[in-house]
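[1] sequence? don't have it. structure:
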């Protein structure tokens, strides 16, 4: 429901038609209907890691159950230290989140202001828009992606001009749902010349999957600049979507400001010990990224074979063309036992497909071939 | 830091001196200092359940690890259904929280308004005040407890009068840190006559420990009235403080309003399956409450023996008198290997002591006797 409302608003702002397919969303919120589809479907819908969580994290969870009755203290501190060390920043530059989505929520809430403007690419990950929904006065400025699916930084910067109050800029790099990159040096240059009222929330959820020599994190820039937050998650490469853990790197002053919007003792003890074990596993990221590349290959091959355009992916999902109605395509895939990604208007000729295990992608490939035989794509 | 600021504000509002002992808080937030004390101390500080989490919940967590890489869907739905059934309300009257503290946060945020007034007993659990801190325009009205430590409902109702905008009333019943009850029928009567601008956030965190025939939940009242939220937690009787799970019961319209302030997929899968197993364990509440009564007995006995006044407890902690400086007392207890509760101004002649295992309470009793011999209490 939240998502739908955003999509409608967002699209109207883009001048697109207001009648849209209804999405189901990744998570079950209030309405019963939303969680029912999961069943035994192959889940290629939510950019989860099909390998599961790292073995060391599983052990850490089992080992942590005995302290499950205690409010986390030491485990929280240990993870903050490990994250700080990983990014080469002091511990007070790290804010932990109940998933990186809580970081995005803090990022929006910490900038709430009667004249707040929110500038974001479109389409992109919906959460910042969802967190702005309860505050309908926020001036939303969705900015269409460039033809190469990078953020249109020029137009986004233009959209920040003349703002009567603070501006929050959401940068999702690589971008979800397009899997595409925006040149980091251009983002950084904009940050350096931006006036004080412009704040940046940089989402690097898919950082580890990027296949580009020129890509890098803006963690150090965030540490130096109270107007910049870098958000990271354990849900993707570390496979911990259901365990809920993420964090922000930012200037200590801003870290304090964000922290005021955390939900109390926000991270659970099992996530904290699992996250620490994951960071200490020197092989996991390579294993995980390698498996993702295998699956990517299988899927690229069938898309090439069928002549279905796709956007080169820097993530654990790919946006590819379908033909025909997207909602019908999603339903047919579900009938075939596969749950694929939700609609991301205005890209309604594309489907976002998350990479599962290679054998799951083979099954998906066979299904696509079958759809072609039936004339559905 | 957040807590300290509140205490200062709260106390100034009560006309108490502004110079206060520095508290350490239950949870480690940003500052390194805060999590260090836990070590191998006996923790009688945070109203945790010394029995740990229920055996079935432990099994459920181990069984749930394999789905830790998936955003929770079915487990979320299953818990919502179980909670709804328990309270005899439909599923859309239930909002899940990352601990009940997130419910309190949603409760404050959903009522944010330039002229919001917050009425709460003093002292009480600090979280609603903490969540109001980033919004310094909120008009805080702490209302001292009655001589019997019940909420002063008359004075609280008086404090809602003449408000230019919405009023949020926090009711903590039983109250933390005093463990005392406020007559439910009086709260309900107030709710029924309150004007539309007055909203109630009723915290029943310690519901199961109450030892009174006239006490009951306001869950049904909350379901019928969009102005009322009842908050519950799995942290206390179910021993899941580190796993993070709580919920709200409220009118479906208000549930939707609260949900908009949830941090995305806010509950972790392990908490959801553990919570469901806990609800299905027909013996746990009795076991847990029984163990608490044993510990309570040990502590009452030593307090009686030493002539230290205490407030009859309806919770898993007791507020008892000390003599001398509270901060010094807390430090001395820590040196003796026991972490006791933080200061709750203005009750600085009292210490809040959480009930651990009976043998831990024996150790605490011995320490108290030793303190008496040394002339410290």
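    All right, it came through fine. Owing to the predicted nature of the structure, the values given are computational and were not obtained by experimental measurement.
[2] so does the particular helix or strand that has residue A:62 in it get close to chain B?
    Element membership for residue A:62 (DSSP states H and E) is helix A:55-64. Yes - judged by Cβ under 8 Å from any Cβ of the partner chain, helix A:55-64 comes into contact with chain B through A:57-58, A:61-62, A:64. C-beta: built from backbone N, CA, C; applies to glycine.
[3] In PyMOL, how would I select just the buried ones from those?
    Buried residues within the residues of helix A:55-64 next to chain B, by 16 or more other Cβ atoms under 10 Å in any protein chain shown, are selected in PyMOL with:
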select buried, chain A and resi 57+58+61+64
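[4] Stretch A:332-349: how far from the chain's middle?
    18 Å (Cα atoms, centre = their mean, to the nearest Å).
[5] and it, which residues are buried?
    Those would be A:332-334, A:336, A:338-348, for stretch A:332-349 by 16+ other Cβ under 10 Å.
[6] Tell me the spacing between the residue sitting nearest the centre point of chain A and residue A:171.
    In chain A, the C-alpha nearest the mean C-alpha coordinate belongs to residue A:205, at 5.1 Å (Cα atoms, centre = their mean). Using Cβ to Cβ, to the nearest Å, we find residue A:205 at a distance of 12 Å from residue A:171.
[7] and which of the buried residues of stretch A:332-349 is nearest to chain B?
    For the buried residues of stretch A:332-349, the residue nearest chain B by Cβ to the nearest Cβ is residue A:339; the value is 10.2 Å.
[8] give me the element the closest one is part of.
    Going by DSSP H and E, residue A:339 is part of strand A:338-340.
[9] Any part of the next helix or strand after that strand near chain B?
    Moving toward the C-terminus from strand A:338-340, the next helix or strand (DSSP H and E) is strand A:350-354. No - Strand A:350-354 is not in contact with chain B by Cβ under 8 Å from any Cβ; minimum separation 11.2 Å.
[10] For the stretch 1-150 of chain A, which segments count as strands?
    Remark: strands assigned in the stretch 1-150 of chain A by DSSP state E, counting those that start in this stretch are A:42-44, A:94-97, A:117-122, A:139-144.
[11] near chain B, which residues of the stretch 201-350 of chain A show up?
    Near chain B, when you scan the stretch 201-350 of chain A using Cβ under 8 Å from any Cβ, you find A:235, A:239-244, A:255-256, A:259-271, A:274.
[12] Now with 6 Å, please.
    A:239, A:241-244, A:259-260, A:263-265, A:268-270 (Cβ under 6 Å from any Cβ of the partner chain).
[13] tell me the two of the residues you listed that are most distant?
    A:239 and A:260 (30.5 Å; Cβ to Cβ).
[14] got the contact list for residue A:70?
    Contact analysis of residue A:70 by Cβ atoms under 6 Å, 6 or more residues apart in numbering or on different chains lists B:48, B:242.
[15] Just the pLDDT at it, thanks.
    On pLDDT, residue A:70 comes in at 98.
[16] and what of the one 5 residues further on?
    On the pLDDT scale, residue A:75 is placed at 98.
[17] doesn't residue A:274 make contact with it?
    No - counting by Cβ atoms under 6 Å, residue A:75 stays clear of residue A:274, with 9.7 Å between them.
[18] Looking at those two, which one has more neighbours?
    residue A:274 (32 against 26; other Cβ atoms under 10 Å in any protein chain shown).
[19] so that one touches residue A:59, yeah?
    No - taking Cβ under 6 Å as the definition, residue A:274 is not a contact partner of residue A:59, at 9.1 Å.
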